[in-house]
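1. How does the following fold in three dimensions:
(chains A and B)
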Amino acid sequence: MSDATAETPRKSSLYRTSDRVKRRNRSEVRFRVLGLTAIGIGVAALALLVISIIGNGYNAFRQTYISIPVELTADRLDPDGNRDADEMSRVTTFGYAPLLAQSLYTYLQDQDISMEGVSPQALMAMISQEAPAQLRRSVLDNPEMVGQTVDLEMLANGRIDGYFKGRVTMASAELDSNVTPAQLQLAQRMADAGIMATRFNWAFITNPDASGQRPEAAGLGVAILGSFYMMLVVLALALPIGVAASIYLEEFAPQNRFTDAIEVNISNLAAVPSIVFGILGLAIFINFAGLPQSAPVVGGLVLTLMTLPTIIIATRASLRAVPPSIRDAALGLGASKMQSVFHHVLPLAMPGILTGTIIGLAQALGETAPLLLIGMVAFVREFPAAPPEGLFDPTSALPVQVYNWTQRADPAFVERASGATIVLLLFLVFMNAMAVILRRRFERRW
Amino acid sequence: MSFAKLTVSVLAVAAVSATAAAAQGRDNIQIAGSSTVLPYATIVAEAFGENFDFPTPVVESGGSSTGLRRFCEGVGENTTDIANASRSIRESEIATCAENGVTDIIQVRIGYDGIVFASDINGNSFQFTPADWYQALAAELPVDGAMVANPNTNWNEVNADLPDQTIAAFIPGTRHGTREVFDLRVILQGCEDTGAYDAILEINGGDEDAAEESCMAIRGDGVSTDIDGDYTETLARIAANPEGLGVFGLSFYQNNTDTLQVATMNGVTPSTETIASGEYPVSRPLYFYIKAAHLDVIPGLQEYAEFFVSDDIAGPFGPLAAYGLVSDPELAETQRMVAERVTMDQM
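-> So this is what the prediction gives:
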């Protein structure tokens, strides 16, 4: 702003910087350096976090599959021979597993791929335990398949998959009691022959969770739906309640001790640790109101309580930012107080309200602690029904799924947990970007 | 105002559907409890969902004590149907259950689990006896007729045969059932083996309860760390501190043999075989408890329990054994008890 810039004055200039000015300039330079360092540290920490998560997690989006023809022998799958789905359902997945192993064995023999050092049991262990379940489901859906030979694409076991992703090596397989180097060599031969391939893994987004024995099949489907349902509940409850409360407090409520107390309490609630809302939710919604455990509706209600203060504070700020002249003009033209608020003030404050709401939702989406107490940190494989009934079905949630997977024994779940974190981060980036865009496009300044 | 109307109707719809769903009844089984049993329970739940027309049960973790506390909260659809536990239910818990109306409880023993001591694969190997662990971790040791604070800081001070390595133990926190077994089968056993138990009896004038308590008091000076989370947390602690020794379940160790090495106990290496034969001393039965009052109310509960203990699942060649569960030689008896719904009072 002033002429005394940091550039050295030319020799011809008559201007001489005094000591005081130099001192002030130096302190400004110091402050800038400090500020840059602060930002640098922040960016470096963020970069480290993102790199470690992506480095660990991108592999969750790829999965190894085995493609072989499988002969669906009738005497094993349909002992009575009448293709009745009810009777065929008596053959459990334990009946399907040997069939797959047998088909793989025969096919490898036909293709002249050596199975040196791999026993039939070890060969069977290379196929994911999800595969028999997958085959059984499709056979029961189409009983006519029995007796035919079908091309089947099935998941490879998690350790074999880990080999193609570099998580499992020949050296670690020596020490690992669940996989042998011979199995990995066979896997390599199968990959060379095109029987085994690693490709993009949609199932990671669509599959439900899987047990500790089949990390390769675990996905985020139920968790994403659960999080989505909870956000629906939060949006449907927190937005109207929060906006109504703010409008009343800001535009209609008299200024007295009572409203002051409410105001202080709302600010306080915004700072209450989220686990407290979980305890409250367990006591009120589950134990008192009798709502089911692990249900998104309870999660949504708890997160609503948590989000309300954020929304109320943001809404009141944006209502306050609407200049009084707008209200005065409306009232001056004969509008009632309510008309002035709903026809003029609220529409002008809407971008700020929506921004606040989205930020509140993003905060709620990443919340785990309160969900611990209401039974959402669970192993859930069943997809919930469509809302509104689905809101009462048990589900998981995205952050909870991350937490769950980090506790599993199989190291393959570390990759899944990081993958789930990436999905969660993408949702958060999307929501926060929406908030920024809304603010940029619609916000008016006076 | 349409805005207000909308709000009111949304709330009304929520309330109506809440009552509707509550009246409709729960059709999935809800299970909570031990984190040691959790992987087994999820394997069974998954297979159950695949092979039956019932929905896959919902399984929560949290620890044996937490699971049993929730189990004993009462009878009804918003209470859990099954509690998984890595120890048997306590008298006090049965009393709490009875107070809340949970009177008929079916105890199902699913098999045995070994507790193993493991350290970083690149570090020293260990051959332990329970006495070593007692002397390493006890809060106070009896010396010349008086209790003194445990002075041991290195393993070779405990037992000259052990390596010269700082004692850093990561043991399960008290909400885990594993801790109870560790206290009884390792620490108390070691206390008795070293003769410390008798020495303590002499010091305190023959109070056996107090002596046991004194034996099992673990030092709080940072040498031993209670892990309240799961075994993955113990594993992370060992990765961060290569001198650390952790207490794990056998199945967890079997999933991580490429990063952990296991210590022997009394010269026996833990494995499903040595645990089944009883040679490896630190093992315990795993259980789940069924609320009998829920049996004909929650669809699939009886089928789930029968499926869990069936030979296909819990037998020596089933998926649970493959994951590290030591299958119960008396499985047939358990199957009969589940089928006939024998409650704990009738046993």
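
2. my guess is residue A:233 contacts residue A:298, does it?
-> No - using CB atoms under 8 Å, residue A:233 makes no contact with residue A:298, being 9.0 Å away. Where you see a C-beta, it was placed from the backbone N, CA and C, and this is true even at glycine.

3. and those two? which has more neighbours close in?
-> residue A:298 (31 against 25; other CB atoms under 10 Å in any protein chain shown).

4. Need the contact partners of stretch A:109-128.
-> For stretch A:109-128, the surrounding residues in contact (CB atoms under 8 Å, 6 or more residues apart in numbering or on different chains) are A:66, A:97-98, A:100-101, A:104-105, A:108, A:154-158, A:160, A:178-180, A:182-183, A:185-187, A:189-190, A:193, A:195, A:214, A:216-217.

5. can you narrow the residues you listed to ones near chain B?
-> Subset of these in contact with chain B: A:178, A:214, counting by CB under 8 Å from any CB of the partner chain.

6. From the contacts of stretch A:109-128, list just the buried residues.
-> When the contacts of stretch A:109-128 are checked for burial by 16 or more other CB atoms under 10 Å in any protein chain shown, the buried set is A:66, A:97, A:100-101, A:104-105, A:108, A:154-158, A:160, A:178-180, A:183, A:185-187, A:189-190, A:195, A:214, A:216-217.

7. Among the residues you listed, which lie within helices?
-> Judged by DSSP state H, helices contain the following of the buried ones among the contacts of stretch A:109-128: A:97, A:100-101, A:104-105, A:108, A:158, A:160, A:183, A:185-187, A:189-190.

8. can you redo those residues as a markdown table with distance to residue B:87?
-> Listed next are those as a markdown table, based on distance: CB to CB, whole Å:
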| residue | distance to residue B:87 |
| --- | --- |
| A:97 | 33 |
| A:100 | 39 |
| A:101 | 38 |
| A:104 | 42 |
| A:105 | 44 |
| A:108 | 46 |
| A:158 | 31 |
| A:160 | 37 |
| A:183 | 37 |
| A:185 | 44 |
| A:186 | 43 |
| A:187 | 41 |
| A:189 | 48 |
| A:190 | 45 |
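
9. Which helix in chain A has the most residues?
-> Counting residues, the longest helix in chain A under DSSP H turns out to be helix A:19-57.

10. Quickly check: that one near chain B or not.
-> No - on the criterion CB under 8 Å from any CB, helix A:19-57 is out of touch with chain B, staying 13.8 Å away.

11. so what does that helix touch, helix or strand wise?
-> Contacts defined by 3 or more CB pairs under 8 Å, 6 or more residues apart in numbering or on different chains; DSSP states H and E place helix A:19-57 against helix A:412-442.

12. in chain A, which spans are strands?
-> With DSSP state E, the ranges of strands along chain A come out as A:62-71, A:149-155, A:196-200, A:378-379.

13. and what of the stretch 151-300 of chain B?
-> Ranges of strands within the stretch 151-300 of chain B are B:169-172, B:224-227, B:245-249, B:260-262, B:264-265, B:283-291, based on DSSP state E, counting those that start in this stretch.

14. quick one: the residue lying closest to residue A:84 once chain neighbours are set aside from residue A:99, how far?
-> Of all residues not flanking residue A:84 in the chain, residue A:143 sits nearest, at 7.4 Å (CB to CB, 6 or more residues apart in numbering or on different chains). For residue A:143, the distance to residue A:99 (CB to CB, to the nearest Å) stands at 16 Å.

15. Kindly report the same for residue A:129.
-> According to CB to CB, residue A:129 and residue A:99 sit 14 Å apart.

16. go on, residue A:189?
-> Applying CB to CB to residue A:189 and residue A:99 gives a distance of 23 Å.

17. for residue A:233, same thing?
-> From residue A:233 to residue A:99 the distance is 45 Å (CB to CB).

18. now for the helix or strand bottoming out on mean pLDDT in chain A, which elements pack on it?
-> None of the helices or strands of chain A scores lower by mean pLDDT, DSSP states H and E than helix A:85-88, at a mean of 78. When contacts are defined as 3+ CB pairs under 8 Å, 6+ apart, helix A:85-88 sits against helix A:130-141.

19. Contact partners for residue B:82?
-> Counting by CB under 8 Å, 6+ apart, residue B:82 makes contact with B:29-33, B:57, B:71, B:288-291, B:301, B:304-305.

20. Which of those sits closest to chain A?
-> Using CB to the nearest CB, residue B:30 comes nearest to chain A of the contacts of residue B:82, at 6.2 Å.

21. so what's the closest one bridging to?
-> Under DSSP bridges, the beta-bridge partners of residue B:30 are residue B:58.

22. what pLDDT does it get?
-> On pLDDT, residue B:30 comes in at 92.

23. That one contacts residue A:379, doesn't it?
-> No - between residue B:30 and residue A:379 there is no contact under CB under 8 Å: 10.9 Å.

24. tell me the most buried of the strands of the stretch 151-300 of chain B?
-> Mean neighbours per residue, mean count of other CB atoms under 10 Å in any protein chain shown, is largest over those for strand B:245-249, with a mean of 26.

25. Got the domain ranges for chain A?
-> A:61-217, A:221-442 (automatic domain parsing).

26. what sits against residue A:165?
-> Residues in contact with residue A:165, defined by CB under 8 Å, 6+ apart, are A:59, A:62, A:64, A:198, A:415.

27. Residue A:196 is in contact with the third one, correct?
-> Right, the one you point to is residue A:64. Yes - contact criterion CB under 8 Å: residue A:64 and residue A:196 qualify, at 6.1 Å.

28. what's the neighbour count on residue B:55?
-> Neighbour count of residue B:55, defined by other CB under 10 Å: 21.

29. do you know how far it is from chain A?
-> Distance, residue B:55 to chain A, by CB to the nearest CB, to the nearest Å: 5 Å.

30. which residues touch the nearest residue to residue B:254 once chain neighbours are set aside?
-> Excluding its sequence neighbours, the residue lying closest to residue B:254 (CB to CB, 6+ apart) is residue B:324, at 4.8 Å. Residue B:324 makes contact with B:113, B:249, B:250, B:251, B:252, B:253, B:254, B:255, B:272 under the criterion CB under 8 Å, 6+ apart.

31. could you redo the last one with a cut-off of 7 Å?
-> B:250, B:251, B:254, B:272 (CB atoms under 7 Å, 6 or more residues apart in numbering or on different chains).

32. Just the buried subset of the residues you listed, written out for PyMOL, thanks.
-> Provided next is the PyMOL selection string for whichever of the contacts of residue B:324 are buried by 16+ other CB under 10 Å:
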select buried, chain B and resi 250+251+254+272
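
33. between the contacts of residue B:324, which is nearest chain A?
-> residue B:254 (5.4 Å).

34. thought the closest one was touching residue A:179?
-> No - counting by CB atoms under 7 Å, residue A:179 is not a contact partner of residue B:254; they are 11.8 Å apart.

35. which bits of the stretch 201-350 of chain A sit near chain B?
-> Contacts of the stretch 201-350 of chain A with chain B, taken as CB under 7 Å from any CB of the partner chain, map to A:210-213, A:236, A:240, A:244, A:286, A:290-294.

36. Now, those residues that are in helices?
-> Among these, the members found in helices (DSSP H) are A:236, A:240, A:244.

37. Out of the residues you listed, grab the one that's most surrounded.
-> Among these, residue A:236 has the most neighbours (other CB under 10 Å), with 19 neighbours.

38. OK, contacts around residue A:280?
-> Neighbour list for residue A:280: residue A:305 [criterion: CB under 7 Å, 6+ apart].

39. again, only this time at 10 Å
-> By CB atoms under 10 Å, 6 or more residues apart in numbering or on different chains, the contact list for residue A:280 reads A:272, A:301, A:302, A:305, A:306, A:370, A:373.
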